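Enquirer: Next come a sequence and a model predicted from it.
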Amino acid sequence: MGWRQQHAIPDLGVGVGFRTPHVTHVLSQRPPMDWFEIISENYFAEGGIQRANLERLAGAYKVVPHGVSLSIGGSDPLDHAYLARLRDLVRRVDAPWCSDHLCFTGWGGVDVHDLLPMPMTRESLAHVVERVKRVQGAIERPFALENASSYLEWRGSTMTEHEFLAEVAERADCGILLDVNNVFVSAYNHGFDARAYVDAMPADRVVQIHVAGHTDKGAYLLDTHSAPVRGEVWDLYRRALRRIGPTSTLVEWDEDIPAWDVLVSEARRTREVRDESLGGVSTKDGRWATVS
Amino acid sequence: MGDGELAQLQRFVVEAIRGGPSTEEALHVRESARGMTPASRVEVYREQFRLRHLKNVADDYPTLAWAVGGADAFSALADEYLAAHPPCTWDLQRLGAEMPRFVSTHARWAKDPSARDAACLDWAFMEIFDAPDAPPFDMSLLASTPEDRWTSARIDLLPALRLVAMKSSLHEVRDALKQGAPAGRPTAAETRVVVWRDPACFPRSIAVQPGAFDLLVRLRDGDPLGPACEGAARAMGEDVSRFGEHVGTWFQEWTVRGWIARVRF
C-alpha cells in the first residue's frame, strides 16, 4: 500500500486560498469551489473575526491549513506552543493533512518571516527528519513539506534540493507539497533543470500541488503570487500530473489579489490543464460543488 | 556540517538580513547562475525583510503614522523601532507590541502627546482584534440578583476591550483614516475611549464620561463593584450615593454593548 493510500489522502480537486478580499463573498454566497487552503497562523487566535470566519468556511468546504512559520529546519528549538495551536487548528477544520515549507525562518529567537533555504547536507537532512517526526507526532495528522522558492544556495551543500526533499520525505515518512511555480523560480535563479526536479519527486508522497504566478525582477524571479500562472509553470504542472496522477491542486494568489471571478477563471484553467493532463482519469467529476 | 555549524550559518544569514552587507557572504553563499553576487542574493532577502515588516507595522499603526506627519516620517520611526525590536515571534500581530513604549521614550516623539496617544490607541485595536471570545452575558442577572450582593461582586470585562486615556479625540482621526476620509484636527481635550470588538466581531471605539472610564479601569483591575464605585466617586469628587445613580444607567449601556463578560458573586 502506498503512502497516500495508507494515510487516506483524498484528491480534493482544484482549490484556492481563502483571502481577505473574498471572505464576505465566499461566506455569504458559498460559490462553487472544491476546497480552500488557509494560512495556518492566521487562525491560531482564541477569538475574533478570523476564528469565526473559519468556523463558517469549514462548515461549507473542505479546508487544508498551510503554514509559513514552523521553521522545520531551524536550529532554534521547535515551538511547542505553536505546535499545540496547529494541532488544535487541524482538529477544528478536520483537515486531511497540513503543510509547511522546507526552510528555516529565523535564528536566536528572531523570526524574519521568510522562507530561508536549508543547506543541503547530510547533517541538516538528519536535523529536518528528526523534527518532522516530532511534528507529525504532535499534530497527529499527515504532514507535508513544500519546496520553497529561493534566491541563494549555500556553498556547503552536497545534495540537490530534490534529492534532499525526497530523502527527508522517505526517512521522516511525511508527504510532499510540490509547488511547481517554486521549482520554476528556483530553477531560473540557480540554473538547474526544473523538469529533472519534478521527475525526481517520489510520486506517491505528493499530497498536493501549488500553482502560482511570479514576478520577473530582471536578474532573478521573485515568488510573489501576484499574477496569473506562466506557460512554463503550466508545462511543469502537466509533467507533474502525468507522473503523480490526480492530486489536489491549489491556485495561490496572495498579492494584487484579483476579483473573485478572475481567481475562479484561473482555477478553471487549472482544472482544464489537470483534466487534459490526466486524460480523463481525474477522480473528481469536474463540477465544483460545496461539501454538504 | 553538524548542528553547531547549521546554527552558525543560520545566525550569519539572519544577522545579514537584519543588518548591512557583510564580508562573510562570499564565504557561505554560492555564486551561481545569472551572475548575481553572493551579496546581491542576500540583498533579495534583506529588502523583503524590511518591506514586509514596514508594511506590517504601517498597517497596524495608521493613527500614529498620521500623528507623526505621514508615511515618510512613519517609515523612519518604524525603521528605528524594528532595529530596536526585531520580530521575535511567528505572530505578526505582535510585531508592533512594543511601539507604545518605544514612542513614549523616543527622543523626538516622547514629548508629543498625539504620537504617544496614537500609539496606545492603535495598539488597543490590535489587541482586541483576536482577543479570546466570551459567551454573551446573562442579562437576567441584572434584575434577579439582590442589591446587597452587588457590592462585593467582581465584574469581568470583555477580553476584547481596552481602555485608552488620551489628550485629544484621536479615535475620530482613526475612524476617518480607516474610512479613507480626510482626518481633521482632533479636539484637544482629555478624552477617555473604550475600544472593543462587538458581537459581530467589528472593532469599535467610543468616548465615555470620566467617571464611567474610571469605574471601568477599577473593575478591569479586579476591584469589587462597591469599592470600585467608592474609589471612582472619590476620584471624581462626587458623593458616593450620587455617583451610584449613574452606575445603573452605565451598566445597562455596557451590557447592551457587550462590555460585561461575567459577574462573579
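Expert: All right, it came through fine. Numbers count the residues shown, from 1 in each chain, chains lettered A, B, ... in the order given.
Enquirer: if I pick residue B:136, what's in contact with it?
Expert: By C-beta atoms under 8 Å, 6 or more residues apart in numbering or on different chains, the contact set of residue B:136 is B:199, B:258. (Each C-beta comes from the backbone N, C-alpha and C, glycine too.)
Enquirer: Chain neighbours aside, what residue packs nearest to residue B:206?
Expert: Of all residues not flanking residue B:206 in the chain, residue B:194 sits nearest, at 5.7 Å (C-beta to C-beta, 6 or more residues apart in numbering or on different chains).
Enquirer: State whether that neighbour and residue B:205 are indeed in contact, as I suppose.
Expert: Yes. Between residue B:194 and residue B:205 there is a contact under C-beta atoms under 8 Å: 6.8 Å.
Enquirer: Counting neighbours around each, name which of those two comes out higher.
Expert: residue B:194 (23 against 19; other C-beta atoms under 10 Å in any protein chain shown).
Enquirer: Strands of the stretch 101-250 of chain A, start to end?
Expert: In the stretch 101-250 of chain A, the segments counted as strands under DSSP state E, counting those that start in this stretch are A:104-107, A:110-116, A:143-146, A:175-179, A:206-212, A:215-216, A:221-222, A:248-252.
Enquirer: Now tell me what touches the last one from outside.
Expert: With C-beta under 8 Å, 6+ apart as the contact definition, strand A:248-252 has outside contacts at A:10-17, A:35, A:37, A:64, A:179, A:181, A:207-212, A:225, A:229, A:237, A:263, A:266-267, A:270, A:274.
Enquirer: buried subset of these?
Expert: The neighbour count (16 or more other C-beta atoms under 10 Å in any protein chain shown) marks A:10-17, A:35, A:37, A:64, A:179, A:181, A:207-212, A:225, A:229, A:237, A:263, A:266-267, A:270, A:274 as buried among those.
Enquirer: Which of those residues fall within helices?
Expert: Using DSSP state H, the members of the buried ones among the contacts of strand A:248-252 that fall in helices are A:181, A:237, A:263, A:266, A:267, A:270, A:274.
Enquirer: tell me the contacts of the third one?
Expert: Okay, so that is residue A:263. Taking C-beta under 8 Å, 6+ apart, we find residue A:263 in contact with A:16, A:22, A:251, A:253, A:257.
Enquirer: Same check on the first one?
Expert: Residues touching residue A:181, when contacts are defined by C-beta under 8 Å, 6+ apart, comprise A:149, A:210, A:211, A:212, A:213, A:214, A:223, A:229, A:233, A:252.
Enquirer: Now pLDDT too, for those residues, in CSV please.
Expert: Shown next, in CSV, are those (pLDDT from 0 to 100):
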residue, pLDDT
A:149, 97
A:210, 98
A:211, 98
A:212, 97
A:213, 97
A:214, 96
A:223, 95
A:229, 96
A:233, 98
A:252, 98
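Enquirer: which two in those residues are spaced the farthest apart?
Expert: Based on C-beta to C-beta, the longest span within the contacts of residue A:181 runs between A:149 and A:229 and measures 14.2 Å.
Enquirer: How many residues are close by the residue of the stretch 51-200 of chain A found nearest chain B?
Expert: Chain B sits closest to residue A:191 of the stretch 51-200 of chain A, with a gap of 2.9 Å, by C-beta to the nearest C-beta. Residue A:191 has 11 neighbouring residues, counting by other C-beta under 10 Å.
Enquirer: how about stretch B:85-105: buried residues?
Expert: The neighbour-count check on stretch B:85-105 (16+ other C-beta under 10 Å) flags B:85-87, B:89-93, B:95-97, B:99-100, B:102-103 as buried.
Enquirer: now swap in stretch B:121-137 and tell me
Expert: Quick answer for stretch B:121-137 (16+ other C-beta under 10 Å): B:121-131, B:133-134, B:137.
Enquirer: what does stretch A:254-273 give?
Expert: In stretch A:254-273, counting by 16+ other C-beta under 10 Å, buried: A:257, A:258, A:260, A:263, A:264, A:266, A:267, A:269, A:270, A:271, A:273.
Enquirer: The first one: what's it in contact with?
Expert: Which is residue A:257. A:19, A:20, A:21, A:22, A:263.
Enquirer: Run the chain-centre distance for stretch A:248-264.
Expert: Relative to its chain's centre, stretch A:248-264 lies at 14 Å (C-alpha atoms, centre = their mean, to the nearest Å).
Enquirer: Quick check: which ranges of chain B have low pLDDT?
Expert: For chain B, the stretches flagged by pLDDT under 70 are B:1-3, B:20-23, B:26, B:32-33.
Enquirer: Which helix runs longest in it?
Expert: helix B:38-60.
Enquirer: and the angle from that one to strand A:110-116?
Expert: Helix B:38-60 runs at 120 degrees relative to strand A:110-116, counting by axes from the mean of the first three to the mean of the last three C-alpha atoms, to 10 degrees.
Enquirer: For helix B:38-60, give me every contacting residue.
Expert: With C-beta under 8 Å, 6+ apart, helix B:38-60 has contacts from A:112-114, A:116, A:151-152, A:219-220, A:222, B:13, B:16-18, B:21-22, B:25-26, B:28-31, B:65, B:71, B:74-75, B:78-79, B:81-82, B:87, B:92, B:95-96, B:99, B:122-123, B:126.
Enquirer: tell me which of the buried residues of stretch B:85-105 is nearest to residue A:171?
Expert: In terms of C-beta to C-beta, no member of these lies closer to residue A:171 than residue B:90, at 25.8 Å.
Enquirer: That closest one looks like it's in a helix, true?
Expert: No. Under DSSP: H, G, I helix; E, B strand; the rest coil, residue B:90 falls outside any helix and is assigned coil.
Enquirer: Next, the contact list for it, please.
Expert: By C-beta under 8 Å, 6+ apart, the residues touching residue B:90 are A:41, A:69, A:71, A:79, A:82, A:105, A:111, A:113.
Enquirer: Chain neighbours aside, what residue packs nearest to it?
Expert: With C-beta to C-beta, 6+ apart, the residue lying closest to residue B:90 is residue A:69, at 3.5 Å.
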